[in-house]
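Chemist: Would you be able to build a 3D model of this:
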Amino acid sequence: MKGKIAYLTGEYPRATDTFIQREVAALRELGFRIETFSIRRTGAEHIVGPEQKAEQDRTFHVLQATANPLRSLRAQAWAIRRPGRYLSALTLAWKTAPKGLRGRAYNLIYFAEAVTLAHEMKARGIFHLHNHIAKSSCTVAMLASEVSGIPFSFTLHGPDIFFEPHHWRLDAKIERASFVACISDFCRSQAMLFSERAQWDKLHIIHCGIDPSRYDGTPGGDGPILFVGRLASVKGIPVLLDAMARVRKSRPEARLVLIGDGPERPGIEAAVRANPELAPAVTFAGYQSQDEVARHLASASMLVLPSFAEGVPVVLMEAMAAGKPVIATQVGGVAELVQDGVSGKLVPAGDDRALDAAITGLLADPKGRARMGEAGRETVRTNFNAMDEAARLGILFVSYQTDQPRPAKRPGHVDP
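Modeler: Prediction:
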């Protein structure tokens with residue numbers, strides 16, 4: 001593919017979104033020229049390890065540039081010299097804004113950011129713009145594409161955007177994008193729900209992926225139970241704590257390590273301190289680098305993710321690559337990754353008794369844990385390898401910029 005590809009997200013790089021960083025690295029290794037753009041500068045607490053620091057240093061920060069009066073004025077002057085595109089993008093910003101003055105104001109800010117981004121992309125010779133997440137940063141991408149004429153695409157994750165698809169004008173973004181990379185069949189079905197039938201054949205499946213070689217992969221382990229993720233309400237951590245209190249009655253040696261941080265941490269810590277059954281058994285490890293997470297996984301007995309809503313969680317892939325069984329809730333696209341009874345256990349969301357039974361059952365079955373760990377590692381190796389998924393995404397970048405036939409739903413596979 002000729003020219004450079006711009007990658008845009010709300011915050012890049014970020015400890016909770018390392019899958020995007022892996023995708024960028026894999027595309028570069030495949031020969032694509034990727035330049036990274038971020039709306040906001042990531043806070044220091046999200047920069048974990050030298051890899052992320054290096055990525056942050058090479059990333060263009062759109063909001064920071066837009067806040068610079070001279071830089072912003074230069075971008076606006078450049079854009080106004082193309083009045084047709086400028087007015088078309090401004091109209092699009094107005095028409096796709098959420099209702100009310102606040103929604104209009106935000107979209108006008110996104111328009112200003114889009115002009116800055118468009119100007120910078122033109123200066124760098126960008127050929128295509130790709131966005132991750134599909135919320136506010138994708139609004140900026142859509143408007144920047146309209147201003148510049150540079151085509152855009154995006155990766156659709158969910159689940160939160162599916163709670164407010166009209167607010168984020170998912171329909172308009174799908175219609176105007178060259179293509180949409182959906183992380184699962186569940187995700188694609190939601191995109192189909194909020195788009196016209198004529199758009200469905202440009203909705204493709206590109207999994208988030210990991211590098212399996214980064215993980216030890218040896219099944220087994222009698223270490224602590226692990227949770228990795230944001231300490232936020234959507235992750236269902238209170239349910240996990242209730243289940244752990246039950247687990248400890250029959251397995252008093254059971255321990256839980258929570259890796260991550262987030263808005264609910266103070267309340268979760270207070271709940272643990274107040275429970276004499278949990279206080280000595282729960283450790284808060286905070287944010288950890290990819291290498292540190294891999295080390296924790298190597299000694300863990302299992303990983304538990306009790307979320308109320310998910311896409312296809314990358315942390316489950318990491319645990320499976322490490323040869324660990326996983327326990328997760330039956331939400332979103334989780335069942336497309338975890339096969340119940342084969343690579344882990346699936347339980348109803350919000351059910352602490354079911355979660356207790358699943359954890360207790362696996363703790364009592366080391367051979368079963370090893371067997372599930374082996375099955376999970378094979379699943380990740382064959383279907384969620386970052387390099388393979390980047391290659392599939394590369395097929396989309398190339399085919400949508402050439403006269404090649406439109407790829408299959410799952411690029412690289414021939415539809416039956």
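
Chemist: and residue 346, what is it in contact with?
Modeler: Taking C-beta atoms under 8 Å, 6 or more residues apart in numbering, we find residue 346 in contact with 327, 328, 329, 330, 334, 335, 338, 340. (C-beta placed from N, C-alpha, C; glycine too.)

Chemist: Buried subset of these, written for PyMOL?
Modeler: Buried residues within the contacts of residue 346, by 16 or more other C-beta atoms under 10 Å, are selected in PyMOL with:
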select buried, resi 327+328+329+334+335+338
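
Chemist: Widest-spaced pair of the contacts of residue 346?
Modeler: Using C-beta to C-beta, the contacts of residue 346 span at most 13.1 Å, a distance reached by 327 and 335.

Chemist: Could you report the neighbour count for the closest residue to residue 58 other than its chain neighbours?
Modeler: Sequence neighbours aside, residue 36 is the residue nearest to residue 58 in space, at 6.6 Å (criterion: C-beta to C-beta, 6 or more residues apart in numbering). By the criterion of other C-beta atoms under 10 Å, residue 36 has 19 neighbours.

Chemist: Just say helix, strand or coil for residue 36.
Modeler: strand (DSSP: H, G, I helix; E, B strand; the rest coil).

Chemist: and the closest residue to residue 48 other than its chain neighbours, what does it touch?
Modeler: If the residues on either side of it in the chain are set aside, residue 48 comes closest to residue 289, at 4.3 Å by C-beta to C-beta, 6+ apart. Neighbouring residues of residue 289 by C-beta under 8 Å, 6+ apart: 15, 48, 49, 51, 52.

Chemist: go on, residue 386?
Modeler: 19, 22, 23, 26, 209, 210, 211.

Chemist: Now with 6 Å, please.
Modeler: 22, 26, 209, 210, 211 (C-beta atoms under 6 Å, 6 or more residues apart in numbering).

Chemist: And those, which two are furthest apart?
Modeler: 26 and 210 (10.3 Å).

Chemist: got any ranges where this protein has weak pLDDT?
Modeler: 1-2, 413-416 (pLDDT under 70).

Chemist: what sits against the residue in the chain sticking out farthest from the centre?
Modeler: Here the chain reaches farthest from its C-alpha mean at residue 81, the gap being 37.1 Å by C-alpha atoms, centre = their mean. Residues in contact with residue 81 (C-beta under 6 Å, 6+ apart): none are found.

Chemist: how does this structure divide into domains?
Modeler: 4-209+385-399, 213-383 (automatic domain parsing).

Chemist: Mind putting the ones you listed into TSV with distance to residue 405?
Modeler: TSV is the format used below for the domains of the chain (distance: least, C-beta to C-beta, whole Å):
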stretch	distance to residue 405
domain 4-209+385-399	7
domain 213-383	24
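
Chemist: which of the residues in stretch 283-299 are buried?
Modeler: Residues of stretch 283-299 classed as buried by neighbour count (16+ other C-beta under 10 Å): 285, 287, 288, 289, 290, 293, 294, 296, 297, 298.

Chemist: ok but the first one is inside a strand, no?
Modeler: When you say that, I think you mean residue 285. Yes - assignment of residue 285 by three-state DSSP places it within a strand.

Chemist: Secondary structure element holding the residue nearest to it when sequence neighbours are not counted?
Modeler: Among residues not flanking residue 285 along the chain, residue 259 sits closest, at 4.7 Å (C-beta to C-beta, 6+ apart). Assigning secondary structure by DSSP states H and E places residue 259 in strand 256-259.

Chemist: Between residue 26 and residue 210, which is the more surrounded one?
Modeler: In this view residue 26 and residue 210 are compared by other C-beta under 10 Å, and residue 210 has more residues nearby, 26 against 22.

Chemist: Of the contacts of residue 386, just say which sits nearest to residue 122.
Modeler: residue 26 (26.6 Å).

Chemist: how close does that closest one sit to residue 225?
Modeler: Going from residue 26 to residue 225 by C-beta to C-beta, to the nearest Å gives 31 Å.
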